[in-house]
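Asker: Below is the sequence, then the predicted model.
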Amino acid sequence: MGSAPQRSPDPSDTGPSMADAPKNRPPNAPRDESSPNGSGSFEELRHLILAPEQEALERLHERIENPESRTDDVSGVVAEAIQRRREQGGSDALSEALAPTIETALRESVRKDPATLADALFPVMGPAIRRSILETLRSFLESFNQILDQSLSWQGMKWRLEAARTGRSFTEVALLHSLVFRVEQVFLIHKKTGLPIAHAVAPAVAMQDPSLVSGMLSAIQDFVRDSFHTGQSQGVNRMNVGDLDVWVEIGPYAILAAVIRGVAPRSVQDRMAETLEKLHAEYAAQMQSFNGDAAPFANANKELSRCLEAKFKEDSQPRGYGYAMVAGLLLLTVIGGWLGWRWWQYHRWNQLVETLDSQPGLTITSLAREHGRFVIRGLRDPLAPDPQKYVQDAQLDPSRAEFHWGAYYALDDPLIQQRAIAALAPPPGVTLSVKDGILRIDGQPSAKWLSDLGSRAILVPGVRAVDLGRFSPGQIAFDEAKTKIQATVVRFPLASSALSSAERANLRSLAPLIKEVLNSSATTQGTVTIEIVGHSDSTGAESANQNLSQRRADRVAWELIQLGAAETSLRAKGVATAEPLRPENNDENRQFNRSATFRVVVPPSNQP
């Protein structure tokens, strides 16, 4: 039997060589010579031949069954495997297989730490947002410039009148007159299910619900096909809905519908057809397997936005800058006149406030315009003048004035004087005046009225003190007694100095007054003298009349002394006809002059 071929050792081979000892027997173990028929040698020979392969199979089995080993093996080739799968054209299957895992990983990452994803998207979010905002502003400014060019022209004035007449906004009227056409909305609708795939809308356009529009168009298309027995590739291409037209392009898997305002050219339909063809070329597989999920068509809105065209009427005539200037000047004149009129109104009402504030008993705290009326707030004394009178005097509309007054007592002297007169009720002939809050009395007040004047006057709001002056209680009593004494006339018979019983009774009532005057004069007036003046009529000789008048004065003095009057305070004096009481033009007056009268003589230094 020939020898087996020798195998060169492989450095990378980790398995044992044939020179190695058998696995089931140690190298120095004694051979079993007792095996019958030489079976021990056969086993040794088999071990030498098959041992390396068995050990390699065992290592391979252990590697396959060990998860850590498998993970190490796959991690080394997974990147190359994904790259080769993509090169072989299996990107769709690979994306579908990886999408759930990536979505779950993203959701978990966002849940744990949203900042990580935000930091990663920050470099692209800012430019994308700015670009979108700038595009929207550009489109808005183009429309606004068109409207602004017309707003200050004569045409713009007519459009404003039309807007006021029809109830529409000026922007809507200007858009209707200046717009040639505008594609306001574009819908991409799945042909089989009628569900919306993508939707684009122009700026400043009220957006309709894509689902409702898609359902309506699909229902109309189905109705037309069923009614007229047309094919699936045929249907309604154009519809009119009020001021809007709906153009429809039908493709194998989807329908493109555009909502157009105005009269659009043929180029719009060509653009729609090109867009629909491009979308079918890019998303044919997704459209064919569409089940309501619009996520794979996220980039389709960019293609639809290219269909949102608009065109405005070109102004072939020179711009109406002259009309604009006239309109601007007219507007400025109206605004200036209105502002001037408002200033003049406020000026007149401010003058009224100044006038009211200068009146006693009125204090103005604020002037404001509320709900088209001038509201004046302040404080008003009950005795203050009526503010409405000053509104009429200023030739202002009383219906535009509204007053809110708080009650208070003013400290103006005229109002204090009115309150004092109303509260103290001075008797006739007595006047009250107030200066700096001090009450003063003029006239001839009675002692009774003056008795409690001080306590009553101090209760009048604003009266700080009462200046009685010469009207002290003793002085008032003296003046009253003096007045009664000097008003007394004692009459005598013709050519006689005798007193009748009636005149004696008159003197008895007069005696207490004389005593009161003489007693009170000691403390108030000093030395006072009661002068008794005797009179006579003009009949008879003057010398006889002088003697008769003196005897009459002496008679009255004697009677008063008998009644208790001090003799030293009485002085009798006859004046004959020198001081007649009445002119003697009849008997009654001559009889009145046959009398005696009294004078209370006060020293000059004590005269009031």
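Answerer: That came through, no problem.

Asker: in the stretch 351-500 of the chain, which spans are strands?
Answerer: In the stretch 351-500 of the chain, the strands defined using DSSP state E, counting those that start in this stretch lie at 362-370, 373-380, 401-407, 431-435, 438-442, 465-467, 489-491.

Asker: Quick test: name the residue nearest the centre of the protein.
Answerer: With distances taken as CA atoms, centre = their mean, the chain has residue 370 as the residue nearest its mean C-alpha position (12.7 Å).

Asker: Can you tell me the closest non-neighbouring residue to it?
Answerer: residue 402 (7.7 Å; CB to CB, 6 or more residues apart in numbering). Any C-beta I mention is one placed from the backbone N, CA and C, and that applies to glycine too.

Asker: Repeat that for residue 411.
Answerer: Among residues not flanking residue 411 along the chain, residue 462 sits closest, at 5.1 Å (CB to CB, 6+ apart).

Asker: Pull the contacting residues for the one you found.
Answerer: 409, 410, 411, 415, 416, 419, 434, 437 (CB atoms under 8 Å, 6 or more residues apart in numbering).

Asker: ok, the first one - contacts?
Answerer: If you count contacts by CB under 8 Å, 6+ apart, residue 409 has them with 381, 382, 415, 419, 461, 462.

Asker: Not counting sequence-adjacent ones, nearest residue to the second one?
Answerer: Closest residue to residue 382 in three dimensions, ignoring its sequence neighbours and counting by CB to CB, 6+ apart: residue 407, at 7.1 Å.

Asker: The one you found: how many residues sit nearby?
Answerer: The number of residues packed near residue 407 is 8, by other CB atoms under 10 Å.

Asker: sorry, back to before: mind telling me the two of the contacts of residue 409 farthest from one another?
Answerer: Longest distance between any two of the contacts of residue 409 is 12.4 Å, between 382 and 462; criterion CB to CB.

Asker: quick one: residue 527 from residue 251, how far?
Answerer: Separation of residue 527 from residue 251 (CB to CB, to the nearest Å): 141 Å.

Asker: So which residues of the stretch 101-250 of the chain form strands?
Answerer: Listed in chain order, the strands of the stretch 101-250 of the chain (DSSP E, counting those that start in this stretch) span residues 179-190, 196-201, 238-241, 244-250.

Asker: do you know which of those lies nearest residue 496?
Answerer: strand 179-190 (133.4 Å).

Asker: Now the closest one: average pLDDT?
Answerer: In this model, strand 179-190 carries a mean pLDDT of 82.

Asker: Check which helices and strands that strand sits against.
Answerer: On a contact count with 3 or more CB pairs under 8 Å, 6 or more residues apart in numbering; DSSP states H and E, strand 179-190 meets strand 196-201, helix 210-228, strand 254-262, helix 266-288, helix 300-305, strand 310-312.

Asker: Pop out the phi and psi values for residue 463.
Answerer: The phi/psi pair for residue 463 (degrees, to the nearest 10) reads phi -80, psi 120.

Asker: To what extent is it buried, counted in neighbours?
Answerer: Residues within reach of residue 463, counting by other CB under 10 Å, total 21.

Asker: got it, and residue 490?
Answerer: Other residues near residue 490 number 24, with proximity taken as other CB under 10 Å.

Asker: now residue 165
Answerer: Residue 165 - counted by other CB under 10 Å - has 9 other residues nearby.

Asker: mind listing what it touches?
Answerer: Contacts here follow CB under 8 Å, 6+ apart; on that basis residue 165 touches nothing.

Asker: any idea what sits nearest residue 200, other than its immediate chain neighbours?
Answerer: residue 304 is the one closest to residue 200 (CB to CB, 6+ apart), at 3.7 Å.

Asker: Report the buried members of the contacts of residue 462.
Answerer: For the contacts of residue 462, a burial check counting by 16 or more other CB atoms under 10 Å picks out 409, 410, 415, 416, 419, 434.

Asker: Next up, the contacts around the closest residue to residue 197 other than its chain neighbours.
Answerer: The spatial neighbour of residue 197 that comes closest, neighbours along the chain excluded (CB to CB, 6+ apart), is residue 188 at 4.4 Å. Applying CB under 8 Å, 6+ apart, one finds that residue 188 lies in contact with 196, 197, 198, 199, 254, 255, 256, 279, 297, 300, 304.

Asker: Distance-wise, check the last one relative to residue 295.
Answerer: To tie it back to what came earlier, the one meant is residue 304. The gap separating residue 304 from residue 295 is 16 Å, by CB to CB.

Asker: that older thread, can you pick the most crowded of the contacts of residue 188?
Answerer: Neighbour counts for the contacts of residue 188 were taken using other CB under 10 Å; the highest belongs to residue 197, with 29 neighbours.

Asker: Can you give the domain ranges for this structure?
Answerer: Here the chain is described, according to automatic domain parsing, as comprising the domains 42-112, 141-312, 323-407, 413-470, 474-606.

Asker: what about the longest one, distance to the chain center?
Answerer: Pointing back at domain 141-312 there. Centroid displacement of domain 141-312 relative to its chain, using CA atoms, centre = their mean, to the nearest Å, is 44 Å.

Asker: and if you look at the last one?
Answerer: Taking CA atoms, centre = their mean, the mean C-alpha location of domain 474-606 is offset from the chain mean by 88 Å.

Asker: Show me what stretch 508-520 is in contact with.
Answerer: With contact meaning CB under 8 Å, 6+ apart, stretch 508-520 is reached by 474, 477-478, 481-482, 484-485, 488, 528, 530, 560, 563-566, 569, 598, 600.

Asker: quick check: mean pLDDT across that stretch?
Answerer: Here the average pLDDT along stretch 508-520 is 86.

Asker: In it, which of the residues would be classed as buried?
Answerer: Neighbour-count burial for stretch 508-520 flags 510, 511, 513, 514, 515, 516, 517, 518, 520 (criterion: 16+ other CB under 10 Å).

Asker: Output that stretch as CSV, nothing but the C-alphas.
Answerer: What follows is stretch 508-520, C-alpha atoms only, in CSV (Å, rounded to 0.1, in the frame of the first residue of the first chain):
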residue,chain,number,x,y,z
ARG,A,508,-93.3,153.9,85.6
SER,A,509,-92.7,151.6,82.7
LEU,A,510,-89.8,153.8,81.5
ALA,A,511,-88.0,153.9,84.9
PRO,A,512,-86.6,150.3,84.7
LEU,A,513,-85.1,151.0,81.3
ILE,A,514,-83.4,154.1,82.6
LYS,A,515,-82.0,152.2,85.6
GLU,A,516,-80.8,149.4,83.2
VAL,A,517,-79.0,152.0,81.0
LEU,A,518,-77.5,153.7,83.9
ASN,A,519,-76.3,150.4,85.5
SER,A,520,-74.9,148.9,82.3
